[in-house]
Every structure is written in C-alpha cells, then in structure tokens.
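[1] generate coordinates for the sequence data below:
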Amino acid sequence: MTLTTPLPRAWAHLPNAVHIDRVLASLDEHSDQWTAVQTAAETVVQTAAEAAAQTASRGVAETAAQTAAQTASRGAAWSSAWSTAWSTAWSASRGAAWPALWSSISALVAWDDCAYMLDLPDDKLKELREAGNHPAMLLSAAASVLRETK
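    Residues are numbered from 1 along each chain as shown. The predicted structure is shown next:
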C-alpha cells in the first residue's frame, strides 16, 4: 500500500492554515450543523444593529485580506481558499452554510491572531462581539459548530 500525501493548499503558509482546514473539514463532516447555525443566525440574530455590525465586520475582514492578498502568495491563498470553500459549501448544503463559512474563513485569513476564538466558550465570544470585536463576530458560527461536534 502506498501512502499519498494530499496536495498542499495554497494557503498552507498562512499562520491560520490549520484552522482554515479545520473549518473546511467541519463543513464536510457536519454540513447540517453549519446550515442550522446559518439558519439560526438569519432568523434569530437579525437585528438591524447586528446585521450592520456583521456587514462592517465582513468589510473589514475582506479589506484586510484583500490588502494582504496584494502579495502573490496571499493572493493565491485567498483565491484558492475562496474556490475551495465555495465549492464545498455549495455542494454540501446547496449554499445555505455559505455566509457562516465564508465569514469564518475571511476572519482567519485577515487576522493572524484570531484562531484562539474558535475554542472560546459562547459567553466569552458574546462579550467580544458586544465589544465590537470583528473576528469574534465572524468566527462565532464556526466556534459554535466546532463546539457541538467535538
């Protein structure tokens, strides 16, 4: 039997590469939880202030990631992560989990020091969200799914 190693991801050199892979693997294994988290977010958490904060957070993350992506290596990583995430989310659950997944990956690409939030309890994440912490807002769905599926 010959063992093969997977092809390296274009984002393998990024500080949060292992966490990006962890989030993508979670979607593959638990697409129903991702869809449920996204549905809950759409139906329960859609106050005007939170919707505006989430939009602002995505904008901050995408701007930071796009600025970082101006270098060739980050550009390739961004493109590859986006492509992989999109095809995985779309095929796994017809795109229902896409916003939650993309928010998480955007945060992990944009902020090198935010991965610890994936393992925080919800009350700590809530405090960070209420304080206006953009990565906490974007990583909350992923943290919820990862907690539920341990």
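[2] what about the strands in the chain?
    Taking DSSP state E to define them, one finds no strands in the chain.
[3] let me see the ranges of the helices in it.
    Remark: helices assigned in the chain by DSSP state H are 17-29, 31-44, 48-68, 72-93, 98-110, 122-130, 134-148.
[4] lowest-confidence stretch among those?
    Mean pLDDT values for the helices of the chain show the minimum at helix 72-93, a mean of 58.
[5] residue 140 and residue 129 touch, don't they?
    Yes: assessed by C-beta atoms under 8 Å, residue 140 is found in contact with residue 129 at 6.5 Å. Every residue, glycine included, has its C-beta placed from N, CA and C.
[6] quick one: which of the two has more around it?
    residue 140 (26 against 22; other C-beta atoms under 10 Å).
[7] hang on, isn't residue 100 packed against residue 40?
    No: if you go by C-beta under 8 Å, residue 100 and residue 40 don't touch, sitting 9.6 Å apart.
[8] these two: which is more packed in?
    Remark: of residue 100 and residue 40, residue 100 carries more neighbours, 29 against 13, as counted by other C-beta under 10 Å.
[9] if I look at the more buried one, how far off is residue 36?
    In this view, residue 100 and residue 36 are 10 Å apart by C-beta to C-beta, to the nearest Å.
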